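Q: with the input below, show me the fold.
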Amino acid sequence: MKKLLLNFSLLFLIAISVFPGQQEQKYILSGKVTDDKGQPLAGAAVVIRDTYLGTTAGSDGTFRFKPIKNGEYTIEVSYLGYESAEKEVILDSDVYLEFKLRVALFHADEIMVVGTRATETTPVAYSNLEREEIEKLNTGQDLPFLLSSMPSLVETSEAGTGMGYTNFRIRGTDPSRINITIDGIPINDPESQQVFWVNMPDLASSVSNIQVQRGVGTSKNGAAAFGASVNFRTEMPSDEAYAEISSSIGSFNTFKGTVKMGTGLIKERFKFDLRLSGLTTDGYIDHSGSDHRSLFFTGLYKSGIGTFKANVLLGEEVTGISWWGVPREVLDTARTYNPAGEYTDVFGDKRYYDDQKDDYNQYHFQLFYRKALNDHIQLNAAYHFTYGAGFYEQYREDELLSDYGLPNWMAGPILIDRVDLVRRKWMLNNFYGGIADIKYSKGKVDISMGAGFNKYIGDHFGRVIWIRNAGWTEKDYQWYFNSASKGEINAYAKVDYRMTDRLSAFADAQYRNIHYIMDGEDDDLLDLGLNRYFDFINPKAGLFMELDPNQDIFLSISVANREPTRANYKDAKGDPAAMPHPETLYDLEAGYKLNRSDFRAGINLYYMHYDDQLVPTGELSNTGYPIMTNVETSYRTGVELTTAFKPLQTLEWNINATLSRNRIKDFVEHYLDYNTASSEEIPMTKELGDVSIAYSPGLILNSDIACYPFENFEMHFISKFVGKQYFDNTNNEDRTIDPYFVNNIRLDYRFSLRGFERIALQLQINNLFNSLYESNAYGGNYYIDGQEYTWAYYFPQAGINYLLRLSVAF
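A: Here you go, the predicted model:
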């Protein structure tokens, strides 16, 4: 692997220095961007279409590109709150352009809490995915798979197809540490701190932009950005009335249908869009099928007192339980085997319980308000409410009645203390809050200040709905109930100061106050009582410098603090000494970007130092549960490389790579050694020194070779390599996910016919070479008489499979 890394690094450096070696005649392109009153629009984005060139207007509204080879170009200019503009130029001499932008009646960016997103000059590592590319990728898989080619990202799928339960890690950071927002609204579940994409089916069909920030990034609403964040911007209702129907079919009896429609602008004030989606699939893993439905409604109204936007996102899912994975012992012979729901009937035959499923509904309601107080001050506010209700149903064999608070009973002369049963574990929750920010922008200074509050109330309970040979048991017997509430208030302030036309300074400070309460019994009938307060201050600072119109660098340092999750506290219940503490992350980032007309490259260096990171060490609480333990020191450090070039107008190659080292210092493993002679479990420890952090590959490579042989047709050959991952922190070779290299093909053709605005055909072939690989796993070890043994479950991914999509717009 070292040789591969060396070769890639050398190729990257050589490409930066020598690729654009042609000696065409070159000319200067410059100009100025103002509003319709002649006032300069500092920070306006100026890009040259179909190239990698872009810049921003200085404090006086002027812009200038380095010499560009002669040719015909389209120049696009955009600025928040204004209508975009473009001009065609023939560059056969130096050219000076003037753009006068008009205030937009409606603007794609105007209804959002702007404080969550990075801009061109924000000193953070980030990547954007725009609407056109999202649409081309959206053949049926969930959002984690649409983001697959983002730097440092590794996606996973329990069903093996990119549908159902899916997720991703960024720089090895697990999903509970990644902040997710939609139009600035926090989406992470406050207790688990995760987002379950299965609860928001086909969200991608209503998203216009996705921004992935790596590292701590800018201040966010909701859960801590403890290594990464993903910000979604939903589509604005269309100005023109339209309708669109799309259908996808694919392997494993996959079918997805989507209908979109919009009213267009009504009386210069109203416009509404609606989307309905449905998806069914059997999944690759046995009994991992999905039946998903969703609705997205968005409406916008503009009046004299401001602009209002409402979003309604309804998601309903029924998904087969496949989160146990495939046991290691059968991985080579029965890759799709799913033990969930398997039981032995009274005749001794193996059967499967058909209703082994996850059944959950989640409804999001969001209301936004924006008001431009004057030319320099903008106010944004939003209110959100999320309702969730659902359960997962399981067949359980040979369960102790006492574990459910039930008495034993007699069946004639036989004492019944164990039974087969079916249970449902329920969750009902409400999550609501409000956020607001105000932005001042004038000359060289942009200042944003914001505040918010969130409140979560959730009930967790379990019911037994069937018992074999039951004694007296009430219908839907409830064996446990607990509730939780979590309140948060937060505030932040940001300043972006353009010290010169090329140098900007950035400062950001956030305050979070959290109060978390749990009360009642858990499913093991132990008390969950908890009452915790947290106060966090998260400062950030950085510098951004434009070396010339084609090159820039940045440097930043950030601090983030994170409270433990519900699971962290649950596992430590009953043992005060095992209670987890908050974690702290210090993130240092430095980056460089180069843009030329047919070549783009970037390099980002990061060092993420953790104090008290929570990791599994093998320790048990005094009630016998495995717990997450705060380790004193750990870190992630690495380099992210991105490059893209167009050797021909019909050929483009995008590559990114992450090379990283992820370590826990002075790791101590805790375990119990079972002595067969004495039948005792003896607590033991083992000092392992510095070890790799679980689920953190040292190398991630993405490649996308795109070919455009004729107008409106494109072909992509997409490759991904993920290096070896340990799935526990002991670094035992028996507990690893093997490296994998997988290749996909995507074809996209768009055309028009009379009566139709657009027809699009897309074909995606996944795992083209039918590789056998697993993208995720979990497991651990145990000891008997000093001998170590491994147990493990893996998540195999499907072999070669396809998705075919037809979309028709009217």
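
Q: please identify which helix or strand holds the residue nearest the centre of the chain.
A: Note on the chain: the residue nearest the mean C-alpha position is residue 230, at 5.3 Å, using C-alpha atoms, centre = their mean. According to DSSP states H and E, residue 230 maps onto strand 228-234.

Q: helix or strand right after that strand?
A: Toward the C-terminus, strand 228-234 is succeeded by strand 242-250 as the next helix or strand (DSSP H and E).

Q: burial count for the closest residue to residue 687 other than its chain neighbours?
A: Nearest non-adjacent residue to residue 687, counting by C-beta to C-beta, 6 or more residues apart in numbering: residue 668, 5.5 Å away. Yep, even glycine has a C-beta here, placed from its N, CA and C like the rest. Counted with other C-beta atoms under 10 Å, residues neighbouring residue 668 total 15.

Q: how close does the residue nearest to the centre of the chain get to residue 462?
A: Distance, residue 230 to residue 462, by C-beta to C-beta, to the nearest Å: 32 Å.

Q: try residue 701
A: 45 Å.

Q: now do the strands in the stretch 651-800 of the chain.
A: 651-675, 680-692, 699-710, 713-722, 725-726, 736-737, 740-753, 756-766, 774-784, 787-796 (DSSP state E, counting those that start in this stretch).

Q: deepest in the core, which of those strands is it.
A: Of these, the one with the most neighbours on average (mean count of other C-beta atoms under 10 Å) is strand 725-726, at a mean of 24.

Q: give me the contact list for that strand.
A: 692, 694, 695, 696, 697, 732, 735, 736, 737 (C-beta atoms under 8 Å, 6 or more residues apart in numbering).

Q: now do it: distance to the chain's middle.
A: Averaging C-alpha positions (C-alpha atoms, centre = their mean, to the nearest Å) puts strand 725-726 21 Å from its chain's average.

Q: mean confidence score for it?
A: The average pLDDT for strand 725-726 rounds to 96.

Q: could you check the pLDDT of residue 670?
A: 89.

Q: which parts of the helix or strand hosting residue 432 are buried?
A: Assigned by DSSP H and E, residue 432 belongs to strand 418-442. For strand 418-442, the neighbour count (16 or more other C-beta atoms under 10 Å) marks 419-427, 429, 431, 433, 435-439, 441 as buried.

Q: same question, stretch 504-514
A: For stretch 504-514, by 16+ other C-beta under 10 Å, it's 504, 506, 508, 509, 510, 511, 512, 514.

Q: show me what the one helix or strand the third one maps to is packed up against.
A: Element membership for residue 508, per DSSP H and E: strand 503-520. Strand 503-520 sits against strand 477-498, strand 530-548, strand 551-562, with contacts defined as 3 or more C-beta pairs under 8 Å, 6 or more residues apart in numbering; DSSP states H and E.

Q: which residues of the chain score low on pLDDT?
A: 1-24, 105-115, 471-472, 618-626 (pLDDT under 70).

Q: domains of it?
A: 23-104, 234-809 (automatic domain parsing).

Q: which among those domains is found nearest to residue 126?
A: For residue 126, the closest of the domains of the chain is domain 234-809, at 9.7 Å, according to C-beta to C-beta.

Q: pull the distance from the closest one to the chain's centre.
A: Per C-alpha atoms, centre = their mean, the centroid offset for domain 234-809 relative to its chain is 6 Å.

Q: any idea how far residue 386 lies from residue 131?
A: Residue 386 sits 25 Å away from residue 131 when distances are taken as C-beta to C-beta.

Q: ok, residue 371 next?
A: 26 Å.

Q: cool, residue 339 as well?
A: 41 Å.

Q: residue 431 now?
A: 28 Å.

Q: same check on residue 557?
A: From residue 557 over to residue 131 (counting by C-beta to C-beta), the distance is 33 Å.

Q: do residue 651 as well
A: Distance of residue 651 to residue 131, computed by C-beta to C-beta: 24 Å.

Q: equivalent analysis for residue 199, please.
A: Counting by C-beta to C-beta, the separation of residue 199 from residue 131 is 23 Å.

Q: which of the two has more neighbours?
A: residue 199 (25 against 14).

Q: wait, doesn't the more buried one sit right on residue 360?
A: Yes. Residue 199 is in contact with residue 360 according to C-beta atoms under 8 Å; the separation is 6.0 Å.

Q: what lies in contact with stretch 374-386?
A: With C-beta under 8 Å, 6+ apart as the criterion, stretch 374-386 contacts 39, 81, 111-114, 183-186, 306, 362-373, 429-442.

Q: out of the strands of the stretch 651-800 of the chain, nearest to residue 638?
A: Comparing those by C-beta to C-beta, strand 651-675 comes nearest, at 3.0 Å.

Q: direction included, what does the closest one pair up with?
A: strand 626-648 (antiparallel), strand 680-692 (antiparallel), strand 699-710 (antiparallel), strand 774-784 (parallel) (DSSP bridges).

Q: for those, give me CSV that also has distance to residue 401.
A: Listed next are those as CSV, based on distance: least, C-beta to C-beta, whole Å:
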stretch, distance to residue 401
strand 626-648, 25
strand 680-692, 26
strand 699-710, 49
strand 774-784, 28
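
Q: so which of those comes closest to residue 594?
A: strand 626-648 (9.1 Å).

Q: can you list the buried residues in that closest one?
A: Going by neighbour count (16+ other C-beta under 10 Å), the buried part of strand 626-648 is 627-631, 634-646.

Q: okay, stretch 476-486 in PDB with CA atoms only?
A: Once non-C-alpha atoms are left out, stretch 476-486 reads as follows in PDB (Å, rounded to 0.1, in the frame of the first residue of the first chain):
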ATOM      1  CA  ASP A 476     -50.500  -6.100  24.400                       C
ATOM      2  CA  TYR A 477     -48.800  -6.600  27.800                       C
ATOM      3  CA  GLN A 478     -46.400  -3.700  28.500                       C
ATOM      4  CA  TRP A 479     -43.300  -4.900  30.200                       C
ATOM      5  CA  TYR A 480     -41.300  -1.600  30.400                       C
ATOM      6  CA  PHE A 481     -41.800   2.100  29.900                       C
ATOM      7  CA  ASN A 482     -39.400   5.000  30.100                       C
ATOM      8  CA  SER A 483     -39.400   8.600  28.900                       C
ATOM      9  CA  ALA A 484     -36.800  11.100  28.000                       C
ATOM     10  CA  SER A 485     -36.600  14.900  27.500                       C
ATOM     11  CA  LYS A 486     -33.800  16.900  26.100                       C
END
